[in-house]
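Enquirer: sharing a model that was predicted from the sequence below.
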Amino acid sequence: MTATPLVELRGIYKRFPPDVRANEDVSMAVAPGEILAVLGENGAGKSTLMQILYGVYRRDAGEILVDGVPVEFANPGDAIRHGIGMIHQEFMLVRSFSVAENVAMGTAPLKGEKFDVRAVAADLTALAQKFGLGVDPAAIVEHLPVGVQQRVEILKLLYREARLLILDEPTAVLTPQEVAGLFDVLRALKAAGKSIIIVTHKLREVMDISDRVTVLRDGRNVGTRITAETDEPLLARLMVGRDVLLRADKQPTPRGRSRLSVADLSVAGHDGELRVRGLSLDVHGGEILGVAGVDGNGQSELVEALFGLRPVVSGQVALDGEDVTRLSPAARRTAHMAYLPADRRNVGSVGDLSITDNAVLGAQRTFARFGGRWRDRRAAAAHASALIARFGIRAPGPDFPAGKLSGGNLQKLVLGREVARDPGVLVVEQPTRGLDVGAIETVWAELLAQRAQGRAILLISAELEEILNLADRIAVIFDGRIVGTVAGAGADVAALGLMMAGRPVAQYGAA
């Protein structure tokens, strides 16, 4: 980098009580018209560093320079005034407002006592046309697809004349076509001289979109590479500190009998509206059936109904031929169903309890003495220690509070607890969301090991790469319905993306 960077961080330090070192002497820079990717494991300090740059946190030491001049950011407003904007994973939009009203809030000139929405809309139309954003300023946000809502967030920053856009995991909820569209927009912004920092754990996307990549590990910058001169294995090794298997080693496994059968299932959401509509599927022993789809198309309601956490409006759920539609979650566990929820912190675990207590949740009677009146603490601690060793959970010991584990280590704990019960059917929802490549490797290997032992696994994931790596068959869900089922081997990514957007592909039959 020869020209003066647009933004530069020098020797950034940040600690949180009691002695958590989030950033340790981190330096990095982004040039005008450059796309910089920031990679790192969970807890590597990526988010903290970006929050410092955006004015959410104050650094303990170091400098921030804009156009070569040191600056101080007391809050995000200061960062925005210096041309720095950030798009979070959770969009900051008022869903009942129009696109123009969302953009206008806090920035647009008033016309009397109201926003001059017409003037804002005209400016937005010009911006949308310039950068290929394709957004109607009059549209109500809650009626827009997720990919278009993200474009509204980008428009908000452009309207505020941002020169640097920070995007945190921007592709997490997008279809492949929407990801391609987003990258087209980012390239257009780059061509116009805008700078972009993209925080992501998806190595393939780093290789596709970035000019350079900075890798953080344990709060430090362990390397910055020109993307065209590196590769995925090297970046993964920088992130984790060891070689990582980036593709699932899936061996052929005999397909057994149907173990989980769902027939014409309908399930309502919290508002009473149907979220799952006449859905049917079968999962066999020795196979992984992947359910692919963009978040919000009934996946969560489906898995909650399968495990008895949400009532069924109509239809049937059967385990090994036995109707379990009206059984409790405890009864389904007894029938050898296990469940790995998407929300590992609030649903899959109890953060205030120890690793040992979490390791025996749902199986307390197995670790009891004297007729179930007392906990066999020695047996429970031994069980927890075995899970720590088997899954490589980084923790001081079994008495450590589960809520203080990183996302990847907590997921390993929850997964280990579920598979230790020798389930016949394993329902897994978003098993690697937010995890780094090292934790993903562990989770994938365990799911494939369970498949090899004859388990029937229903995998619900918004990560298409995960589905393609693990699934023997792929069922695509849209608006609560299965719109197509295809073989996992050789599945066409473009066709799957169309189905995820609700457009069935004629040449695909049932698999």
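Expert: Now that the structure is in, tell me what you want to look at.
Enquirer: what's in contact with the host helix or strand of residue 213?
Expert: Residue 213 belongs to strand 212-217 when assigned by DSSP states H and E. The contact list for strand 212-217, computed with CB atoms under 8 Å, 6 or more residues apart in numbering, reads 26, 28, 34, 36-41, 44-46, 49, 206, 221-227, 230, 235, 238-241. (C-beta placed from N, C-alpha, C; glycine too.)
Enquirer: from the residues you listed, which land in strands?
Expert: The strands, defined by DSSP state E, take in 26, 28, 36-40, 221-226 from the contacts of strand 212-217.
Enquirer: pLDDT and neighbour count for these - can I get that in a markdown table?
Expert: Output for the ones in strands among the contacts of strand 212-217, formatted as a markdown table (pLDDT from 0 to 100; neighbours: other CB atoms under 10 Å):
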| residue | pLDDT | neighbour count |
| --- | --- | --- |
| 26 | 96 | 24 |
| 28 | 96 | 20 |
| 36 | 97 | 24 |
| 37 | 96 | 25 |
| 38 | 95 | 26 |
| 39 | 90 | 28 |
| 40 | 85 | 25 |
| 221 | 96 | 22 |
| 222 | 95 | 16 |
| 223 | 94 | 17 |
| 224 | 96 | 17 |
| 225 | 96 | 19 |
| 226 | 96 | 10 |
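Enquirer: among these, which two are most distant?
Expert: Greatest spatial distance in the ones in strands among the contacts of strand 212-217: 26 and 226, 19.2 Å, computed using CB to CB.
Enquirer: host element of residue 469?
Expert: helix 464-470.
Enquirer: again, but for residue 259
Expert: strand 258-268.
Enquirer: about what we covered before: what's downstream of the helix holding residue 469, the next helix or strand?
Expert: strand 473-478.
Enquirer: tell me the strands beside the strand holding residue 213, with direction?
Expert: Strand 212-217 pairs in its sheet with strand 35-40 (parallel), strand 220-226 (antiparallel), by DSSP bridges.
Enquirer: among those strands, which comes closest to residue 340?
Expert: strand 35-40 (24.4 Å).
Enquirer: sorry, back to before: could you export the strands paired with strand 212-217 as a markdown table, including distance to residue 55?
Expert: Below are the strands paired with strand 212-217 laid out as a markdown table (distance: least, CB to CB, whole Å):
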| stretch | distance to residue 55 |
| --- | --- |
| strand 35-40 | 17 |
| strand 220-226 | 21 |
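Enquirer: so which of the ones you listed gets nearest residue 177?
Expert: Here strand 35-40 is closest among the strands paired with strand 212-217 (CB to CB), at 20.2 Å.
Enquirer: hmm, who's touching the closest one?
Expert: 28, 30, 46, 49-50, 186, 190, 195-201, 203, 206, 209-217, 227, 235, 238-239, 436.
Enquirer: so of these, which ones are in helices?
Expert: 46, 49, 50, 186, 190, 203, 206, 209, 235, 238, 239 (DSSP state H).
Enquirer: which elements pack onto the helix holding residue 469?
Expert: strand 287-292, helix 437-452, strand 456-461, helix 493-500 (3 or more CB pairs under 8 Å, 6 or more residues apart in numbering; DSSP states H and E).
Enquirer: how does it look with 10 Å?
Expert: helix 176-191, helix 203-209, strand 287-292, helix 437-452, strand 456-461, strand 473-478, helix 493-500 (3 or more CB pairs under 10 Å, 6 or more residues apart in numbering; DSSP states H and E).
Enquirer: among those, which comes closest to residue 325?
Expert: strand 456-461 (16.0 Å).
Enquirer: contact partners for the closest residue to residue 184 other than its chain neighbours?
Expert: Leaving aside its sequence neighbours, residue 184 sits nearest to residue 132 (CB to CB, 6 or more residues apart in numbering; 6.3 Å). Taking CB atoms under 10 Å, 6 or more residues apart in numbering as the contact definition, residue 132 lies against 151, 181, 184, 185, 187, 188, 189.
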